[in-house]
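Trainee: Any chance you could fold what I've pasted below:
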Amino acid sequence: MDQGEDRLMARPRWLVATGLLAPTGVWLGLFLIAPLALVVQFSFATRDTGVARAVLPWTVRAYETALDPAFLPIFGRTLAYAGITTALCLLLGFPLAWFIARHGGRYRTALLVAVLVPFWSSYLARIYAWKALLDGEGLVNRLLETVGLDRDGGFLLTDGAVVVGLTYGFLPFMVLPLYVACERFDHRQVEASYDLGHGRASTFFRVVLPGVFPGVLAGSLLVLVPSAGDFVTPRLLGGVDQATFGSVIDDQFRGGNNWPLGSAMAVLLLVLVVVVLVLRGKRGEDVL
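Mentor: Predicted coordinates:
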């Protein structure tokens, strides 16, 4: 080794690690920690109807308003949308990921690219496309009209429209982690389970599901967290009755000009997400 490498090896490991992590730490500090600290600070401020969005004195009035029972239906609707979206993405994504991993063959790359194709266009444009499809004169309602299942006014501005949009938007986030887990799964365990007399259902729940559970957990988190905070899809595909916590937060920062309330609701949503992550993490450790 030359002198430069000798000096590098002679440095303490913590100093080398600090130097390597410094750029990432600065980036996270400026663009993650600092904005989050500002949001927390705004949540304790007082609303001002003038030029300033939030002023002193500090108070917890915004949290009292955010925790008002009037917001509980919106809070529950947000959790319901996120939970149903996660469940649907899992039900749709697992068979697709399993097929690509086990039976994709030479078309595996093409199938993965097909899963990623939606990311090549704007998410906003794709939701507007669903808005046209679900409208009263849209393709979905016209197709259902042939079998007598059409709906006056279409399926736009309904709970189902919001769930469909969220599921479509976040399905790739479920498929990719599941594909990695399924691709790494040892398929010989399935054959061994069949040889020991287990049926398909027993093999799935006792062998396959525990084996790919890290992918299920990762995919569920990647879908649950952003779908709980999404406000674009409920605003475009839903109506006033389909408002979510994310859309209400957006209203407070823009039209409502109530930054303290919007910040308090954002902090509460963040706390909820952290609690879910902790509980999911513990559940994952128990299963693994």
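
Trainee: what's the longest helix in this protein?
Mentor: helix 72-103 (DSSP state H).

Trainee: In terms of secondary structure, what does it contact?
Mentor: Taking 3 or more C-beta pairs under 8 Å, 6 or more residues apart in numbering; DSSP states H and E as contact, the helices and strands that helix 72-103 lies on are helix 108-116, helix 159-184, helix 213-229, helix 245-253. All C-beta atoms are positioned from the backbone trio N, CA, C, and that covers glycine.

Trainee: let's go with 6 Å and repeat that
Mentor: Here helix 72-103 touches helix 159-184, helix 213-229, helix 245-253, going by 3 or more C-beta pairs under 6 Å, 6 or more residues apart in numbering; DSSP states H and E.

Trainee: Need those helices in CSV (columns: mean pLDDT, distance to residue 131 and mean neighbour count).
Mentor: What follows is those, written out as CSV (pLDDT from 0 to 100; distance: least, C-beta to C-beta, whole Å; neighbours: other C-beta atoms under 10 Å):
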stretch, mean pLDDT, distance to residue 131, mean neighbour count
helix 159-184, 94, 8, 22
helix 213-229, 91, 18, 21
helix 245-253, 87, 15, 21
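
Trainee: would you turn the ones you listed into a markdown table with distance to residue 89?
Mentor: Below are the helices and strands packed on helix 72-103 laid out as a markdown table (distance: least, C-beta to C-beta, whole Å):
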| stretch | distance to residue 89 |
| --- | --- |
| helix 159-184 | 4 |
| helix 213-229 | 5 |
| helix 245-253 | 18 |
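
Trainee: between those helices, which one is nearest to residue 24?
Mentor: For residue 24, the closest of the helices and strands packed on helix 72-103 is helix 213-229, at 20.9 Å, according to C-beta to C-beta.

Trainee: what's the burial count for residue 59?
Mentor: By other C-beta atoms under 10 Å, 14 other residues sit near residue 59.

Trainee: again with the one 3 residues further on
Mentor: Taking other C-beta under 10 Å as the criterion, the count of residues near residue 62 is 26.

Trainee: show me the contacts for it.
Mentor: With contacts defined as C-beta atoms under 6 Å, 6 or more residues apart in numbering, the neighbours of residue 62 are 43, 260, 261, 264.

Trainee: Mind checking which of the residues you listed are in helices?
Mentor: Per DSSP H, the subset of those in helices is 43, 260, 261, 264.

Trainee: My read is that the second one contacts residue 45, right?
Mentor: Yes. If you go by C-beta atoms under 6 Å, residue 260 and residue 45 touch, sitting 5.0 Å apart.

Trainee: Of the two, which one has the most company?
Mentor: Of the pair residue 260 and residue 45, residue 260 is the one with more neighbours under other C-beta under 10 Å, namely 27 against 21.

Trainee: which SSE is the nearest residue to the more buried one once chain neighbours are set aside in?
Mentor: Among residues not flanking residue 260 along the chain, residue 62 sits closest, at 3.9 Å (C-beta to C-beta, 6 or more residues apart in numbering). Using DSSP states H and E, residue 62 sits in helix 61-66.

Trainee: Could I get the buried residue list for that helix?
Mentor: Residues 62, 63, 65, 66 are the ones in helix 61-66 that count as buried (16 or more other C-beta atoms under 10 Å).

Trainee: From the contacts of residue 62, pick the one nearest residue 160.
Mentor: Nearest to residue 160 among those: residue 261, at 29.6 Å, using C-beta to C-beta.

Trainee: Among the buried residues of helix 61-66, which pair sits farthest apart?
Mentor: Maximum distance among these (C-beta to C-beta): 7.3 Å, for 63 and 65.

Trainee: For residue 234, which non-adjacent residue is closest in space?
Mentor: residue 244 (4.6 Å).

Trainee: Residue 89: neighbour count?
Mentor: 27.
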